[in-house]
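Asker: Got a sequence here, can you build the structure:
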Amino acid sequence: MAKALDESDVGICCYVSSLPGFRAVLKQRYSDFIVNEVDREGRIVRLTSFELPPDCMEEEEQYGIPLVQKSFTDEIEIFRSLAGDPDAELLKEFLQKIADNVADEFPIIVLAPDCDKSHRAEVHNFFKNNLKFLITDTVDGEDGCSKRIRVRYSSSEGGNGRKGKKRKDRQHSGRKNDTPFDSRGADNWPEDRGKFLRFHLYKENKDTHEALGVIGKMLGIQQCSFGFAGTKDKRAITTQRVSVFKLHPKRLSALNSRLHGIKVGNFGYEMEGLLLGQLQGNRFTITLRSVVADSRDTIKAAADGLGRNGFINYYGLQQSVINEERIKYKRTGHADFCLRQLPRHLVAERSIIQCLKKCPGNYLQSLQGIPRTLRLMYVHSYQSYLWNHAASMRVAKHGMTQVVVGDLVFCKEDSSDKAASLNSSEPTVDCNDGVDNNNTSDVTLPEENIQLVKVVNSEDLLKGTYSLEDIVLPLPGSRIIYPENDLADLYHDLAKKDGINLTESVHNVKEFSITNMTGGYRRVFQRPIDFTWELLTYSDANASLAITDLDAMSLPKPADLSKKEDFVNGNSDDIEENMKGVIASQTDCSSSDPSVALKLCFTLPSSCYATMAIRELLKSSTSVAYHKTLNQ
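Answerer: Below is the predicted model of the structure:
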């Protein structure tokens, strides 16, 4: 078995305070970790309404779902005379599944072999003229000689008379043959309406990609059609904004009765779709269960200390790049055996071994077989690894009481001193759970996030211009400057041990070269914003100790009608006030030996890890293995 990744392996070594910690269980239930996105205006994103927009069209046929009211009897009989009984029955069953809104269970049908090219043309024309929401193309038969017509459902066609993209265009679009065509958006869209449907996605125990994959499959659209500002943790309850191009809200709302652990609501329209990084941060409600401490004073001191002093802004533990299956392949060289052992969801590992099976020993080519976004994540993970070590060295050598000469800081005003302008946030823009969420690089951030950094000199120290919260450290890249002290050498020395040059690239594969990344800066110390905490007692281990958005929807709406719109949009700060006191009625303290829980509420900027705040509080590891032992 491969050794589990430990915090010290990735440079996480120090704490801000010397206060003692205590024992507690993190994420015993996924409802113990609630995350609400904070948009760019500072509003907390919540699911508060399933209502459709007031100007939503009422005609079902304009929503792209007319099939529920049609039997297509005439069309099926015409097709029967053209293609025969077996194919006609196959088409009839397919249309019925679409009408029942279960097309995701039967996304493709392939008709009987047909060697007559002119007859195949007639079949194609039949679908083009009579069933325009179905897309056809010709594929090879099982024997490799005959031809068969494949029929696929494209709900984005909507049955509204819109013709799909020509097959010739699709062939040159770069899509694989087995990838469903997605024309992205309905034609019958009012010109005065924003082109993107914006909605709030609420999910339980699912990551963002998984949830949108389920929704996309049900709608018959590709997952890449959705836009979002950042991915959210799986083992949690989260709410975030999502956008999709020209999708009628009624189609999306209709899924709520069929979705499990997922809800959508708060529909609206925007002119632009969401992009990664378009958020201010995340609001957390974290419940630590089975708290054990010397006294309540210890808990109080630790919680107050976290709110007052903050934590070291480490990158959280990320998935180890080396796992058991990669080691097994290295030892045995048996690619087929390793592929049989690997789960399907391990995309990177399977891609690497499949490439090595074809070209043994060609490791660079095998790495290029990994999806590009995942390749970029590996480079960013290494940047994070160097940053963590530099942060620990900064704390160990220079303490946490003052800024020192040579530190890098964000400029508070224009300066003629040595400075560099770069995105203040690093490539990954929304981390909330110890996972590198966005798998992207060189994200273009809004102008207000671009700041100058400078090297602190003795004059700055005399003026007292900068504080600990201004100190930053770079993520290596082509457009950053390093601190003018021994920290700069640490970056290069660590990289050299791994055979990496931070200033020159030894190959021409951009995704694997730090020199092709612009780099970025990250604050060394971070304090939680709007931090509150409370101790709870409970006797039922299955009791919910925090209010979710779905729970809040059952609470009375604001009596003040002027606030109702904000409540429906999920942006009212008063929602948290409405939640207070509800938990007390759900906890049962009649037991003679109740358990203690600590509930924390705070906001962090994007790219900060809540698990690092919990680490500072408990003075214990955030590794999965450690918390599994506490759960046992």
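
Asker: Mean pLDDT per helix and strand in the protein: which one sits at the bottom?
Answerer: Counting by mean pLDDT, DSSP states H and E, the chain has its least confident helix or strand at helix 167-171, which shows a mean of 42.

Asker: who does the closest residue to G261 other than its chain neighbours bridge with?
Answerer: The shortest distance from G261 to any residue other than its chain neighbours is 4.2 Å, reached at E204 (C-beta to C-beta, 6 or more residues apart in numbering). C-betas here are computed from N, CA, C, even on glycine. In this structure, E204 bridges to I237 when assessed by DSSP bridges.

Asker: Let me know the distance separating E204 from E349.
Answerer: Using C-beta to C-beta, to the nearest Å, one obtains 28 Å as the distance from E204 to E349.

Asker: go on, D233?
Answerer: Using C-beta to C-beta, one gets 22 Å for the distance from D233 to E349.

Asker: Which one of these two is surrounded by more residues?
Answerer: Comparing D233 with E349 by other C-beta atoms under 10 Å, the one with more neighbours is D233, at 25 against 21.

Asker: was I right about the more buried one contacting F33?
Answerer: Yes - when contacts are counted by C-beta atoms under 8 Å, D233 is listed as touching F33 (6.7 Å).

Asker: about what we covered before: right, and the residue nearest to G261 touches L259 too?
Answerer: No - between E204 and L259 no contact is recorded; they are 10.4 Å apart, counting by C-beta under 8 Å.

Asker: Might you report the residue contacts of V409?
Answerer: V409 is in contact with V403, V453, K454, V456, D460, Y466, D470, I471, V472, counting by C-beta atoms under 8 Å, 6 or more residues apart in numbering.

Asker: Doesn't K300 lie inside a strand?
Answerer: No - checked against DSSP: H, G, I helix; E, B strand; the rest coil, K300 lies outside a strand; its state is helix.

Asker: any idea of the pLDDT on the residue nearest to G261?
Answerer: The predicted structure scores E204 at 95 on the pLDDT scale.

Asker: Quick check: the gap between it and I215.
Answerer: Using C-beta to C-beta, one gets 14 Å for the distance from E204 to I215.

Asker: if you skip the residues just before and after it, what's nearest to M400?
Answerer: Once chain neighbours are set aside, the closest to M400 by C-beta to C-beta, 6+ apart is V16, at 5.9 Å.

Asker: Per-residue pLDDT of that neighbour, please?
Answerer: The pLDDT attached to V16 in the predicted structure is 94.

Asker: repeat for F94
Answerer: On pLDDT, F94 comes in at 87.

Asker: Kindly report the same for M553.
Answerer: You'll see M553 listed with a pLDDT of 88.

Asker: hang on, it packs against E51?
Answerer: No - with contacts defined as C-beta under 8 Å, M553 does not count as touching E51, sitting 11.3 Å away.

Asker: More neighbours: these two, which one.
Answerer: Each of M553 and E51 has its neighbours counted (other C-beta under 10 Å); M553 has more, 18 against 13.

Asker: The residue nearest to the more buried one when sequence neighbours are not counted is in what secondary structure piece?
Answerer: Sequence neighbours aside, T48 is the residue nearest to M553 in space, at 6.2 Å (criterion: C-beta to C-beta, 6+ apart). Assigning secondary structure by DSSP states H and E places T48 outside every helix and strand.

Asker: Can you tell me how far T48 is from A552?
Answerer: Per C-beta to C-beta, T48 is found 7 Å from A552.

Asker: Those two: which is more packed in?
Answerer: Comparing T48 with A552 by other C-beta under 10 Å, the one with more neighbours is T48, at 24 against 18.

Asker: So the more buried one versus T238, what's the distance?
Answerer: T48 is 15 Å from T238, where distance means C-beta to C-beta.

Asker: One more: N313?
Answerer: Plainly put, N313 is 21 Å away from T238 if you go by C-beta to C-beta.

Asker: who has more neighbours, those two?
Answerer: Taking N313 and T238 together and counting by other C-beta under 10 Å, T238 has the greater number of neighbours (29 against 24).

Asker: In terms of neighbours, single out the busier of E204 and L259.
Answerer: A direct count of neighbours by other C-beta under 10 Å for E204 and L259 places E204 higher, at 19 against 15.

Asker: Relative to I286, how far out is that one?
Answerer: Taking C-beta to C-beta as the criterion, E204 is separated from I286 by 16 Å.

Asker: Check D87 too.
Answerer: For D87, the distance to I286 under the criterion C-beta to C-beta works out to 56 Å.

Asker: higher neighbour count, the two?
Answerer: Neighbours were counted for D87 and for I286 using other C-beta under 10 Å; I286 has more, 23 against 20.

Asker: give the contact list for that one.
Answerer: Counting by C-beta under 8 Å, 6+ apart, the residues that I286 touches are L26, D32, F33, I34, K599, L600, C601, A610, I614.

Asker: and the last one, backbone torsions?
Answerer: Backbone torsions for I614, taken as degrees, to the nearest 10, come to phi -70, psi -40.
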